[in-house]
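> Predicted coordinates and the sequence they were generated for:
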Amino acid sequence: MRVIAELPHPECKITLFNMNQKYIVKFEQGTLEQSYKLSELDLSGGGANEIFQMLDEAFIATVVERFKSMRTDFSAAYNRQQY
């Protein structure tokens, strides 16, 4: 897997990878991460630029909200195990 590009964003780290005819978009925030895979065949040939166009602020806002939900869910699971 090789890093193609990074997209700067103040709320999370966004990295684009390429592996086995797929692009992987990884979002990281602290200890949490989300990834999305796209086949090269599903794109019209624009590569990284085409993917970054898809990552508009509306989509990134939902990713950030999902991080909040993930953190809440994980904290609740962790706290249930504490005595």
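Cool, the structure landed.
> need the longest helix for the chain.
helix 57-81 (DSSP state H).
> hmm, who's touching it?
9, 11, 12, 14, 27, 29, 30, 32, 34 (Cβ atoms under 8 Å, 6 or more residues apart in numbering). C-beta coordinates here come from the backbone N, C-alpha and C atoms, glycine included.
> ok, these vs residue 50, which is closest?
Among these, residue 14 lies closest to residue 50 (Cβ to Cβ), at 14.9 Å.
> and the least confident helix or strand in the chain by mean pLDDT, which residues are buried?
Ranking every helix and strand in the chain by mean pLDDT, DSSP states H and E puts helix 47-54 at the bottom, with a mean of 87. Neighbour-count burial for helix 47-54, counted by 16 or more other Cβ atoms under 10 Å, picks out residue 51.
> next one: stretch 55-68
55, 60, 63, 64, 67.
> okay if I get these as JSON lines plus pLDDT and distance to residue 38?
Formatted as JSON lines, those follow (pLDDT from 0 to 100; distance: Cβ to Cβ, whole Å):
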{"residue": "55", "pLDDT": "93", "distance to residue 38": "11"}
{"residue": "60", "pLDDT": "96", "distance to residue 38": "16"}
{"residue": "63", "pLDDT": "98", "distance to residue 38": "15"}
{"residue": "64", "pLDDT": "97", "distance to residue 38": "20"}
{"residue": "67", "pLDDT": "98", "distance to residue 38": "20"}
